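Colleague: Pasting a predicted model and its sequence here:
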Amino acid sequence: MKSQVCVKVSDEHLVVLVQNGDHSSMSALYNKYFKLVYQKCFSFVKNDDDAYDLTQDIMIKVFDKISFYKGKSSFSTWLYAIAHNHCITYIVKQNKQRKESIYSVPDLADDSVSDNYELRDESEKREIYLLNILNEMPVVEREMLEKKYRYNYSILDLQKEFNLSASAVKMRLMRARQKMEQKFPVVAA
């Protein structure tokens, strides 16, 4: 009977494999992050079908852009930023569509195609800028923010994880958010 050795491969190593065409590594990343991305999407749209569709769109976008991942931040942070911005863009579009009158006729002479590219380009610039800000933060603050807002850790969970009192956890989260808001005011909006 052969013993099986379980080797834990880092996300960054899997990304390199995906960038080199390894589809099984792509599946590994997809399986690892699908549920987390879905939960993030659901927190925005509160609808299973829309959250599932958004998650699929995000995962496709991530794998389409994976060649641009350079490892300046963790893969999960990079993925989270893409997911967050994709959801924000979706919500903005939904709100805009609701505000438009059903009687309005679109202006066929407008440059909606070029505007769409400009919006996408601006969103990608925000993603990169946000990732750079996160990478500049002390590791503990970055981890605390990720665990609280991405993985939905409670204050009690963070107390246990970081061996701090509830007030210390809340204070550190507040300071970390303030740092983010100073460098990236759009986050606060």
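Modeller: Received it, and whenever you're ready, just let me know what you need.

Colleague: can you list the domains in this structure?
Modeller: 9-98, 137-189 (automatic domain parsing).

Colleague: Would you point out the helix or strand in this structure whose mean pLDDT is lowest?
Modeller: Across the helices and strands of the chain, the lowest-confidence element by mean pLDDT, DSSP states H and E is helix 112-136, at a mean of 63.

Colleague: Can you list the buried residues in the helix or strand just after that helix?
Modeller: Following helix 112-136 in sequence order, the next helix or strand is helix 139-149 (DSSP states H and E). Under the neighbour-count criterion of 16 or more other Cβ atoms under 10 Å, helix 139-149 has Glu141, Arg142, Glu143, Met144, Leu145, Glu146, Lys147, Lys148, Tyr149 buried. No exception for glycine: its C-beta is placed from N, CA and C like everyone else's.

Colleague: what do you get for stretch 162-176?
Modeller: Counting neighbours by 16+ other Cβ under 10 Å, one finds that the buried residues in stretch 162-176 are Phe162, Leu164, Val169, Arg172, Leu173, Ala176.

Colleague: do the same with stretch 88-98
Modeller: Of the residues in stretch 88-98, those with enough neighbours to count as buried (16+ other Cβ under 10 Å) are Tyr90.

Colleague: Report the distance from it to the chain centre.
Modeller: Relative to the centre of its chain, stretch 88-98 is centred 18 Å away, using Cα atoms, centre = their mean, to the nearest Å.

Colleague: and it, average pLDDT?
Modeller: When the per-residue pLDDT values of stretch 88-98 are averaged, the result is 78.

Colleague: that older thread, using CSV, please lay out the buried residues of helix 139-149 together with pLDDT and distance to Thr77.
Modeller: Listed next are the buried residues of helix 139-149 as CSV, based on pLDDT from 0 to 100; distance: Cβ to Cβ, whole Å:
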residue, pLDDT, distance to Thr77
Glu141, 83, 13
Arg142, 80, 8
Glu143, 82, 10
Met144, 85, 13
Leu145, 80, 10
Glu146, 77, 7
Lys147, 79, 12
Lys148, 81, 14
Tyr149, 75, 12
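
Colleague: Please report the distance of Gln19 from Arg126.
Modeller: For Gln19, the distance to Arg126 equals 23 Å [Cβ to Cβ, to the nearest Å].
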